[in-house]
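Participant: below is the sequence, then the predicted model.
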Amino acid sequence: MSEKKLILVVDDDPDLVEAVSMKLEASEYRVAKAYDGEEAMEKIAEEKPDLVILDVMMPRKNGWEVCEEIKKSEALKDISVVLLTAVADSVKTTSYTHHDGKTTLADDYIPKPIDLDKLMEIVGDHCE
Amino acid sequence: MTNPSLESIKNSVKDIFFQPRVLVVDDEVRIQKACKRLLTEEGCDVEVAENGINGLKMLEEKHFDIILLDLMMPGMSGLDVLTDVKAHHPDTVVIVVTGYATLEHSIETMKKGAFDFLSKPFSPEELRLVIGKAIEFLRTLQDIATEKSRMRVMINTLSDGVLTTDNQKRIALANPAFLKAIGCRNTSVLGHHVSEFITDPRLLDMIDQAINQPESTFAEITDEITMPFSKESEGDVIIGVRCLPFRDRLNRNLGSITLLHDITALKKVDQLKSDFVSMVAHEIKSPLNSVLMQLNVILDGLAGDLTEKQKELLQRSSDRIKSLTTLSTELLDLSKIESGLINQDREDLDLVKLIADQVAGYQEKAGSKSIDLIMKETLTEIRMMGNRTNIEEVVSNLISNAIRYTPEDGQITVWACEKTDCAVINVLDTGLGIPAKDVDHIFDRFFRVKNEKTRYINGTGLGLAIVKSIVEAHHGSIEVESEVDQGTCFSVYFPRSAYKI
């Protein structure tokens, strides 16, 4: 088996980061943590994760911006991005779109509250 | 002593029950008497003049509605009297009485403005007929005048601003509320070009767009403009503007109608509401989400082994928290949709096409339950004024509801129709039906019919509340007919505003 994949979990809620991390670690992933968008960019540059689980609404730099930076960078664009979105809209799921309608470049999304099994499935799909 | 207010009531009663005043101008006493008696019996107020000069004098003193004028009189001729009356009292109806009614004569009097003529000798019946016709004519004129002034009073008392223009953008009507809203102190604006008084570029642009709308489309242009200059008020005034073309039967633009509605208070409340909503989103939902996550991590056994009892308790608290987060999500949705309804664009919608698109979109979902989803053909085109996204939402919600509450192999029929000034959307299913005791609540937020049949049907309890909000914002209404185990029919009525003459 190849080396354990590294996953960066980004959310401004430490409890949520902790819970997701525990689940990931239990499933044989290595985990890095960040609590806002700026910190996420630093961690991404330092540790080159395989996948980023990225909250959308965060202080300093929001998830849309972080995602755009990753995907527009030659060096980082191969990192998978899974957006955590609380902007759930039961009427029309606009999961991939900004509030201003722009399509994001994320690889996948998972709505809050997070279904841990669903999350593991998505992470698994993008860490083949 | 007379009571002045009582007097005025009497006068107004007299105005309402129109009593025509008739002047008989004839030199023959016999005819004078006969006419006076007969017309008084008919409810007229009759006076008599024995020649033309006197007749004209009496006309100077007071108004007569009808004159019965003899053409052959000593002194001034009837034709000369007629010419004078038409020149100075154009509102008075003249009926010419002639002893030698030749065709040329009659034509000449009609040319000079006579309303009708009677040839001597005439029977009482003939006189009644001619006078009746004249009274009918006067009544119609009076009705039009009354209606016109009633309309003017009504429009002038509206607190919303109203402006109408012709297709050259000249002002045809501007009520005081409109002039106040645009800060115009000039009261004689009629006939002037709108740009002489309106300074707001967006407002001018909207009028321009309305007037230049091509025949094929009919849309209401909506926007909000901010009026900062009002001295009395403290902050800016936010005005919701609706602007639409005014058309004739052939769809030609005759002009524009602009309506101004002060939505400052509404916007303030809306702001409070969205602030509250985002507070709920952040301060309540986020912690709930992370509590839920932690519980699930423990449930997964990641924090050590659990006893069966502990697992059961944690599972129950996890379920409760999940329903709380769902609830807050849906509240946010509803308030988002409702705040979007305040001031929005409306256009002329082809309802049949709109429904067909939605029906097509739901075929796959219906097919997966072996439900026959069909659209009934409509012979005529059915159109309404509405916001496209909203009306699509209504149709979509009703169809997806029908699919959820209809068992396999059922049928759903969707169609549009017209009923007295309404465009109607109907969605009929062969589903579970709604128990009578629940029918009154199905439009309540978060209400769901709860029984053993619906237990496994997923739903938010919000779909119909959203439908109702949208329908009400469009001044429509919704009706439900349902029988348990037979099916349900939802009918949504939208008024078809007649903007054409």
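Facilitator: Arrived safely.
Participant: please count neighbours and contacts with C-alpha atoms only from this point.
Facilitator: OK.
Participant: residue 29: neighbouring residues, count only.
Facilitator: Went with chain A since none was named. Look at A:Tyr29: counted by other CA atoms under 10 Å in any protein chain shown, it has 18 neighbours.
Participant: hmm, I had chain B in mind actually
Facilitator: As a burial measure, the neighbour count of B:Val29 was computed by other CA under 10 Å and equals 11.
Participant: ok, now which ones touch it?
Facilitator: For B:Val29, the contacting residues are B:Glu50, by CA atoms under 8 Å, 6 or more residues apart in numbering or on different chains.
Participant: what helix or strand is A:Glu39 located in?
Facilitator: helix A:37-47 (DSSP states H and E).
Participant: equivalent analysis for B:Val352, please.
Facilitator: Element membership of B:Val352 [criterion: DSSP H and E] is helix B:351-367.
Participant: after that helix comes which helix or strand?
Facilitator: Taking DSSP H and E as the definition, the helix or strand that follows helix B:351-367 towards the C-terminus is strand B:372-375.
Participant: hmm, who's touching stretch B:484-501?
Facilitator: Under the contact criterion CA under 8 Å, 6+ apart, stretch B:484-501 has outside partners B:246-249, B:251, B:383-385, B:398, B:406, B:421-435, B:471, B:474-482.
Participant: any buried residues in it, and which?
Facilitator: With burial defined by 16 or more other CA atoms under 10 Å in any protein chain shown, the residues of stretch B:484-501 counted as buried are B:487-496.
Participant: now the residues you listed as JSON lines including pLDDT and secondary structure?
Facilitator: Rendered in JSON lines, the data for the buried residues of stretch B:484-501 read as follows (pLDDT from 0 to 100; DSSP: H, G, I helix; E, B strand; the rest coil):
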{"residue": "B:Gly487", "pLDDT": "90", "secondary structure": "strand"}
{"residue": "B:Thr488", "pLDDT": "91", "secondary structure": "strand"}
{"residue": "B:Cys489", "pLDDT": "93", "secondary structure": "strand"}
{"residue": "B:Phe490", "pLDDT": "94", "secondary structure": "strand"}
{"residue": "B:Ser491", "pLDDT": "94", "secondary structure": "strand"}
{"residue": "B:Val492", "pLDDT": "93", "secondary structure": "strand"}
{"residue": "B:Tyr493", "pLDDT": "92", "secondary structure": "strand"}
{"residue": "B:Phe494", "pLDDT": "90", "secondary structure": "strand"}
{"residue": "B:Pro495", "pLDDT": "84", "secondary structure": "strand"}
{"residue": "B:Arg496", "pLDDT": "75", "secondary structure": "coil"}
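Participant: strands along chain A, start to end?
Facilitator: When secondary structure is read from DSSP state E, chain A shows strands at A:6-10, A:30-34, A:51-55, A:80-85, A:108-111.
Participant: check contacts around B:Ala177.
Facilitator: When contacts are counted by CA under 8 Å, 6+ apart, B:Ala177 is found next to B:156, B:158-162.
Participant: among those, name the ones in strands.
Facilitator: With strands identified by DSSP E, the entries of those that belong to them are B:161-162.
Participant: filter the contacts of B:Ala177 down to the buried ones.
Facilitator: Among the contacts of B:Ala177, the ones that count as buried by 16+ other CA under 10 Å are B:156, B:160-162.
Participant: what is the helix holding B:Val352 packed up against?
Facilitator: With contacts defined as 3 or more CA pairs under 8 Å, 6 or more residues apart in numbering or on different chains; DSSP states H and E, the secondary structure elements packing on helix B:351-367 are strand B:372-375, strand B:383-386, helix B:388-404, strand B:411-419.
Participant: give me the buried positions along the helix of greatest length in chain B.
Facilitator: Of all segments of type helix in chain B, defined using DSSP state H, the longest is helix B:124-157. The neighbour-count criterion (16+ other CA under 10 Å) identifies B:127, B:130-131, B:134-135, B:138, B:155-156 as the buried residues of helix B:124-157.
Participant: and which of the residues you listed is nearest chain A?
Facilitator: Looking at the buried residues of helix B:124-157 and their distance to chain A, the nearest is B:Ile155, at 40.3 Å (CA to the nearest CA).
Participant: so that closest one sits against B:Asn175, correct?
Facilitator: Yes. Contact status for B:Ile155 versus B:Asn175: in contact at 6.4 Å, counting by CA atoms under 8 Å.
Participant: and for these two, which residues touch both?
Facilitator: Residues touching both B:Ile155 and B:Asn175 (CA under 8 Å, 6+ apart) are B:Val162.
Participant: I'd like the average pLDDT over the helix holding B:Val352.
Facilitator: Over the span of helix B:351-367, the pLDDT mean works out to 89.
Participant: repeat for stretch B:285-293
Facilitator: Mean per-residue pLDDT for stretch B:285-293: 85.
Participant: check stretch B:45-61 too.
Facilitator: Across stretch B:45-61, the average pLDDT comes to 91.
Participant: got the end-to-end distance for that stretch?
Facilitator: End-to-end distance of stretch B:45-61: 15 Å, with CA to CA, to the nearest Å as the criterion.
Participant: give the buried residues for that stretch.
Facilitator: Buried residues in stretch B:45-61, defined by neighbour count with 16+ other CA under 10 Å: B:45-52, B:55-56, B:58-59.
Participant: for stretch A:55-75, same thing?
Facilitator: A:55-58, A:61-64, A:66-67, A:70-71.
Participant: can you check stretch A:40-59 too?
Facilitator: Buried positions in stretch A:40-59, judged by neighbour count with 16+ other CA under 10 Å: A:40-41, A:43-44, A:48-58.
Participant: ok, now stretch A:110-123?
Facilitator: The neighbour-count criterion (16+ other CA under 10 Å) identifies A:110-114, A:116, A:119, A:122-123 as the buried residues of stretch A:110-123.
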